[in-house]
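[1] A predicted structure for the sequence below; I have some questions about it.
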Amino acid sequence: MRVRPWVTDTCLAVAMTLIAWLVGHQYKPSGLGGDVRAYALIALMFLPLAARRLTPVTALAVTCAALVTFAALDYSQLAFNFWAPVLAMYSVATRHSPRVIVITLGSAVPVLLYCALRTPGVTVPVAVAESLVIPAVAWGFGNVGRRLAERNRQLAVLSERLRIEQQERMARAVTEERIRIAQELHDVVAHHMSVISLQSGMASYVFDTDPNAARNALTTIGLSSRDALDEMRRMLKLLRPDPESPEEDRITPGIAEIPLLVDRVRSVGLPVKLLIAGDVDALAPGVQFCIYRVAQEALTNVIKHTDRSPVSVLLYREPMSLTMRIVNDETGESVGGTGNGLINMRERAAVYGGTLIAGPRPEGGFKVELVLPL
């Protein structure tokens, strides 16, 4: 348990008072005996030290006044009494500015010199040296303590500022992560809603003429809506992670899910060819997630902006890079889209130091090419 400073100072003042009384009682050649006035003056020298942190200048003034009175009444100056104003000087030096310190030293040094000269057996050179050197040492130690205290206060302020800045950075990071997750939700919902929209239109068109096709379309709508809900649930778990939830609920889609993505696109009547070459299963989850989202965004835009133009998806790994190329073979608007699609895909590529090139092909159609360094 931490002891309060005023308790420590009070105990110190009482202890020094008792020691000074004991020294004065045993002082040779003449002790204080039963002189109550002498004991009272000694107490008045040391007891103000209990307030040396609160009012150091006042404590020094009272201590010096008691010491001067003690010497003026022809009591033999005790060497122990000399340390009462010295300790008070140290306290002034630790609490006040140099200007206040100079003023108090200028007032206290003559008092110490007067008392030293009235001490029997003390020569003038010794009295002068004692009155100058000891207060100077006390001022030096006090000044060092004051500077250390100021530096500690400055460090405390800087530490608090650093803590606030760290909290602000953490808050910004959380906000940026939530924005990223919102973009992920947009991509997921846009893809599945595109599939659902086309399938519902086709089901309505062939409901009477081809019940089997309508039934298949409704089945695809059900699967796509469940997939959309599952992915939205995963995203919400990222926002509010539950440590008791199964680990698979927090797994993000990767390259292994691309065939399922292609099957869903094929189910709307869009011919898609998929080729995956090389060891791509060992890639980091973040890289796989980036590849999956780029493929999803590009295929979604094929559904939105083209009229069933054939699409080829090629994913292959080289020693130093991984490339995914998505091409629609006929002239259409773009597999990259015209809104946030290209921006999102380029941002994903930039996160992993990759590049994304999207644009029309000279022979017709549109190409999206993602290259990630490994």
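    Yes, it's here. Numbers count the residues shown, from 1 in each chain.
[2] which outside residues touch the helix or strand containing G341?
    Per DSSP states H and E, G341 falls inside helix 340-351. Helix 340-351 has contacts (Cβ atoms under 8 Å, 6 or more residues apart in numbering) with 183, 186-187, 286, 290, 293-294, 297-298, 300-301, 336, 355-356, 358, 368, 370-372. All C-beta spots, glycine's among them, are computed from the backbone N, C-alpha and C.
[3] Strands along the stretch 201-350 of the chain, start to end?
    272-277, 311-317, 321-328 (DSSP state E, counting those that start in this stretch).
[4] could you dump these to TSV with mean pLDDT?
    Shown next, in TSV, are those (pLDDT from 0 to 100):
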stretch	mean pLDDT
strand 272-277	91
strand 311-317	92
strand 321-328	92
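[5] Out of those, flag the one nearest V128.
    The closest of the strands of the stretch 201-350 of the chain to V128 is strand 321-328. By Cβ to Cβ, the value is 85.5 Å.
[6] and the closest one, what other elements does it pack with?
    With contacts defined as 3 or more Cβ pairs under 8 Å, 6 or more residues apart in numbering; DSSP states H and E, the packing partners of strand 321-328 are helix 285-305, strand 311-317, strand 366-373.
[7] I'd like the average pLDDT over the helix holding G341.
    Taken as a whole, helix 340-351 carries a mean pLDDT of 79.
[8] now it, how far from the centre of its chain.
    29 Å (Cα atoms, centre = their mean, to the nearest Å).
[9] Would you mark the buried spots in it?
    Neighbour counts over helix 340-351 (16 or more other Cβ atoms under 10 Å) mark 341-342, 344-346, 348-349 as buried.
[10] Can you add distance to A108 and give those residues back as JSON lines?
    JSON lines is the format used below for the buried residues of helix 340-351 (distance: Cβ to Cβ, whole Å):
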{"residue": "G341", "distance to A108": "81"}
{"residue": "L342", "distance to A108": "80"}
{"residue": "N344", "distance to A108": "76"}
{"residue": "M345", "distance to A108": "79"}
{"residue": "R346", "distance to A108": "75"}
{"residue": "R348", "distance to A108": "74"}
{"residue": "A349", "distance to A108": "75"}
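[11] So which of those residues is the closest to S159?
    Looking across the buried residues of helix 340-351 and measuring by Cβ to Cβ, the closest to S159 is R348, at 38.0 Å.
[12] What distance do you get for V128 to V351?
    Note on V128: its distance to V351, by Cβ to Cβ, to the nearest Å, is 77 Å.
[13] these two touch, right, S225 and S197?
    No. Assessed by Cβ atoms under 8 Å, S225 is found out of contact with S197, at 11.5 Å.
[14] Tell me where the model's unsure across the stretch 51-200 of the chain.
    76-79, 174, 177-178, 181-182, 184-186, 188-189 (pLDDT under 70).
[15] Please, where are all the strands along it?
    Going by DSSP E, counting those that start in this stretch, the stretch 51-200 of the chain shows no strands.
[16] in it, which spans are helices?
    Using DSSP state H, counting those that start in this stretch, the helices of the stretch 51-200 of the chain run over 56-72, 83-95, 98-117, 124-206.
[17] now those in TSV, with distance to A20 and mean neighbour count?
    TSV is the format used below for those (distance: least, Cβ to Cβ, whole Å; neighbours: other Cβ atoms under 10 Å):
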stretch	distance to A20	mean neighbour count
helix 56-72	10	20
helix 83-95	8	24
helix 98-117	14	17
helix 124-206	17	14
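[18] Among those, which comes closest to C11?
    helix 83-95 (13.8 Å).
[19] Kindly provide the distance from the closest residue to P271 other than its chain neighbours to T220.
    Spatial nearest neighbour of P271, chain neighbours left out: P310 (4.5 Å); criterion: Cβ to Cβ, 6 or more residues apart in numbering. Applying Cβ to Cβ, the value for P310 to T220 is 19 Å.
[20] Which one of these two is surrounded by more residues?
    Between P310 and T220, T220 has the larger neighbour count (other Cβ atoms under 10 Å), namely 22 against 15.
[21] How many residues are close by the nearest residue to A256 once chain neighbours are set aside?
    The shortest distance from A256 to any non-neighbouring residue, by Cβ to Cβ, 6+ apart, is to D281 (7.0 Å). When neighbours are defined as other Cβ under 10 Å, D281 has 11 of them.
[22] From L274, how far out is D281?
    15 Å.
[23] Same check on R348?
    Between R348 and L274 the computed distance is 20 Å (Cβ to Cβ).
[24] Just want the most central residue of the chain.
    By Cα atoms, centre = their mean, the mean C-alpha position of the chain lies nearest to Q166, the distance being 2.6 Å.
[25] Does A358 fall in a helix, a strand, or a coil region?
    What DSSP: H, G, I helix; E, B strand; the rest coil gives for A358 is strand.
[26] Report the beta-bridge partners for it.
    In this structure, A358 bridges to V368 when assessed by DSSP bridges.
[27] I'd say it and L370 touch.
    No. The criterion here is Cβ under 8 Å, and A358 misses it with L370 at 9.2 Å.
[28] ok, these two, which is more surrounded?
    Neighbours were counted for A358 and for L370 using other Cβ under 10 Å; L370 has more, 25 against 21.
[29] Could you find the closest non-adjacent residue to that one?
    Excluding the flanking residues, the one nearest L370 by Cβ to Cβ, 6+ apart is M324, at 4.5 Å.
[30] what's the burial count for the one you found?
    By other Cβ under 10 Å, 26 other residues sit near M324.
[31] Over to the one 5 residues further on?
    The local packing count at D329 equals 17, with neighbours defined by other Cβ under 10 Å.
[32] Compute the distance between it and L270, please.
    Computed as Cβ to Cβ, the D329 to L270 distance reads 12 Å.
[33] shared neighbours of the two, anything?
    Residues touching both D329 and L270 by Cβ under 8 Å, 6+ apart: V311.
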